[in-house]
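J.: 3D, please:
(chains A, B, C and D)
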Protein chains: 2
Amino acid sequence: MATFGADRPKRETYRHGDLRRALVEAGVELARDGGPDAVVLRAATRQVGVAPNAAYRHFADRRALQRAVCAAAQSELARAMEAELDELTPVGDAAATARDRLRAFGAAYLRFARTEQGLFRTAFSVPTDMAGSTNPQLAGNTGNPPFQLLGRALDDLVSVGVLPADRRPGAEFVTWSAVHGLAVLLIDGPLRGVDRAVTDDIEERLMEMIEYGLRNPITRQD
Amino acid sequence: MATFGADRPKRETYRHGDLRRALVEAGVELARDGGPDAVVLRAATRQVGVAPNAAYRHFADRRALQRAVCAAAQSELARAMEAELDELTPVGDAAATARDRLRAFGAAYLRFARTEQGLFRTAFSVPTDMAGSTNPQLAGNTGNPPFQLLGRALDDLVSVGVLPADRRPGAEFVTWSAVHGLAVLLIDGPLRGVDRAVTDDIEERLMEMIEYGLRNPITRQD
DNA sequence: ATAGGTTGTGGACGCCGTCCACAACGAGGA
DNA sequence: TCCTCGTTGTGGACGGCGTCCACAACCTAT
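T.: Below you'll find the predicted structure:
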């Protein structure tokens, strides 16, 4: 619900002042209901009350605006998740607390995907190319806030003894894959429109698989 | 590489004969390189050598064409996976064979996502609303071929004793979530452009998590 | 006061989806 | 045999889109 100039299509000054930000905000609202395809140059400029071409002073391209909106959507996802995770009150047991955090991560991710489908889709609409080509330091800080949140939760799991340290590297990727995959199946895929009771079971099942499967033994011979 | 009339933009007969199929095939080629957004009415009709409006005799809408192309992409995914899974030669051990099948499922899925990014994205571009709203029989046949393939692999895992029977229901959804999520992260998400060596490790790790985590005990107290 | 860069405007182009009226066709009845 | 009539493709038009170009308004530094 950012305020952009749809209310006041005429501004008094010739200069807008902060057109770039205004366009991104308009784009975010467009994306909120309508997803990435709905972030359209002319619509954004119209909402800001500015000529279509004005956008080209701040974005090379439609795709450039989409990228900016995509980044904004990612940070809205990050904020929503942080807010939800901050409300988590630790229980007595440190191990249980760490596990709760991981589950809360999944729950927050899925909640955002459900309640902000348009923004969620938009957040993943432009490939972000983490770690340019040959960076093997993927376990480290990636600049992606939700990703960092997940990383911390996994670190806690290790320091508390639930997750063996040798199983830590790469764990964020498989965890993220599982949760993200469920989110996609839920909002765009075949799980869309399925009873909440059923999907809740699947979600619970998925989190169990992650918790248990993450610390799987490398050697299996059963 | 289906043959459509780009070669022969003028047909001799006024009637085309099978315009609907031709348009879908053209749409598939469009989607193959370019994804769902590239399946465009005018481009498809152009390739078939027909006036833009001719499409409206066979599709209500652009979205209707997209739906048809989406279905075609899904079945191409299904065919590719079946072909790859059929080549699997069973090893002596029945349990190992069942596990191999599950891994092969994941590998085939990811291979298709990588080699046919456009079609893969297209296959999931239109929500398919499995099991209209309140169907709790989700464990059953869903009409989605790759999904059935996965179901069979999981059934084998149960009948061979690797997966406890009480862990079977819902297993396809969590498995599919994990594999699909990795596919998305790989082609559109932050794992895009990351070294193959690294992503191969992540893939291996993911499959281990699935195998081990699927049969997790409901009661955990460690 | 003025010169020059920055930012927004206006108009045009080509592509898109879609609507409407019309033309070509082919099958069934006179 | 011809004529009708439903089906399928055509032609033209409209508005919306992204984008380009030339121009105007504005701010700032001199």
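J.: may I ask you to confirm that A:Tyr109 is in contact with A:Gly181?
T.: No - using CB atoms under 8 Å, A:Tyr109 is not in contact with A:Gly181, being 11.1 Å away. Where C-beta positions appear, they are placed from N, C-alpha and C, glycine not excepted.
J.: so for the two, which sits in the more crowded spot?
T.: Ranked by neighbour count (other CB atoms under 10 Å in any protein chain shown), A:Tyr109 and A:Gly181 place A:Gly181 first, with 26 against 23.
J.: what comes up buried for the one helix or strand A:Leu102 maps to?
T.: Element membership for A:Leu102 (DSSP states H and E) is helix A:94-115. Using 16 or more other CB atoms under 10 Å in any protein chain shown as the test for burial, helix A:94-115 gives A:98-110, A:112-113.
J.: and for stretch A:121-131?
T.: So for stretch A:121-131, counting by 16+ other CB under 10 Å, buried means A:121-128, A:130-131.
J.: follow-up on the earlier one: relative to chain B, which of the buried residues of helix A:94-115 is nearest.
T.: A:Arg99 (8.8 Å; CB to the nearest CB).
J.: who are the neighbours in contact with the closest one?
T.: A:157, A:162, A:211 (CB atoms under 8 Å, 6 or more residues apart in numbering or on different chains).
J.: which of the residues you listed fall in helices?
T.: Counted as lying in helices by DSSP state H, out of those, are A:157, A:211.
J.: which of the contacts of A:Arg99 lies closest to B:Ala38?
T.: Distance to B:Ala38 across those (CB to CB) is lowest for A:Glu211, with 40.4 Å.
J.: just the pLDDT at that closest one, thanks.
T.: Looking at A:Glu211, its pLDDT is 94.
J.: in chain A, which helix or strand is least confident?
T.: Across the helices and strands of chain A, mean confidence by mean pLDDT, DSSP states H and E is lowest for helix A:145-159: a mean of 89.
J.: go through it and flag the buried ones.
T.: So helix A:145-159, judged by 16+ other CB under 10 Å, has buried residues A:146-151, A:153-154, A:156-158.
J.: the contacts of A:Arg99: which ones sit near chain B?
T.: Contacts with chain B within those, counted by CB under 8 Å from any CB of the partner chain: A:162, A:211.
J.: quick one: is stretch A:145-154 near chain B?
T.: Yes - judged by CB under 8 Å from any CB, stretch A:145-154 comes into contact with chain B at A:Phe147.
J.: same thing with stretch A:75-90?
T.: No - applying CB under 8 Å from any CB, one finds stretch A:75-90 separated from chain B by no less than 12.8 Å.
J.: thinking again about what came up before, and which of the contacts of A:Arg99 is nearest A:Asp93?
T.: Nearest to A:Asp93 among those: A:Val162, at 10.5 Å, using CB to CB.
J.: residues touching the closest one, list them.
T.: So A:Val162 contacts A:95, A:98-99, A:215, B:222 (CB under 8 Å, 6+ apart).
J.: rerun that using 10 Å as the cut-off
T.: A:94-96, A:98-99, A:102, A:154, A:156, A:211, A:214-215, B:220, B:222 (CB atoms under 10 Å, 6 or more residues apart in numbering or on different chains).
J.: residue of chain A closest to DNA strand D, please.
T.: With CB to the nearest atom of the strand, the shortest gap between chain A and DNA strand D falls at A:Tyr14, namely 2.9 Å.
J.: no more questions from me, cheers.
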